[in-house]
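Undergrad: Generate a structure from the sequence data that follows.
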Amino acid sequence: MSIGWNDNAPIYRQLKERVIGMMLDGLLKPGDALPSVRQVAADYQLNPITVSRAYQELVDDTLVEKRRGLGMYVTEGARDKLLASERERFLREEWPAMLERIRRLGLDTEQLLRAGQPGSAA
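TA: Numbering: from 1, shown residues only. Purely as a prediction, here's the structure:
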């Protein structure tokens, strides 16, 4: 996790999103332990309550489980659950606006596919 908090969202939410990003990217896999609350708080100069709140939301979302005396661990199926919810959110919230912009700009499928190729100068 890299440091760099912004003022647009609470820090606990930004921390939660960073952990989710690590799960989606495969950096945190099922069974992996999250860094301790104390460690994250010390590393990023955060209040431990802030870190605890982010971790608790991950527990509430069943992406992480608490193991008494051992810490927090990524649950089985967490990445699949995240992918499904992120895909659904993208299609519901982001795709319609993108599609409208594509139509407004008069882009066609061929142009979009060509622009998406590695080394293309969109």
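Undergrad: give me the low-pLDDT residue ranges for this structure?
TA: 1-3, 120-122 (pLDDT under 70).
Undergrad: If we use 50, what do you get?
TA: Applying pLDDT under 50 to the chain flags the ranges 1-2.
Undergrad: In it, mark out all the strands, start to finish.
TA: Ranges of strands within the chain are 64-67, 71-74, based on DSSP state E.
Undergrad: Just the CA atoms of the last one, as CSV, please.
TA: Included here for strand 71-74 are C-alpha records, laid out as CSV according to Å, rounded to 0.1, in the frame of the first residue of the first chain:
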residue,chain,number,x,y,z
GLY,A,71,-5.4,-11.3,13.2
MET,A,72,-7.4,-10.7,10.0
TYR,A,73,-7.3,-13.0,7.0
VAL,A,74,-8.6,-12.8,3.5
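Undergrad: Tell me which other helices or strands that strand touches.
TA: helix 48-60, strand 64-67 (3 or more Cβ pairs under 8 Å, 6 or more residues apart in numbering; DSSP states H and E). Yep, even glycine has a C-beta here, placed from its N, CA and C like the rest.
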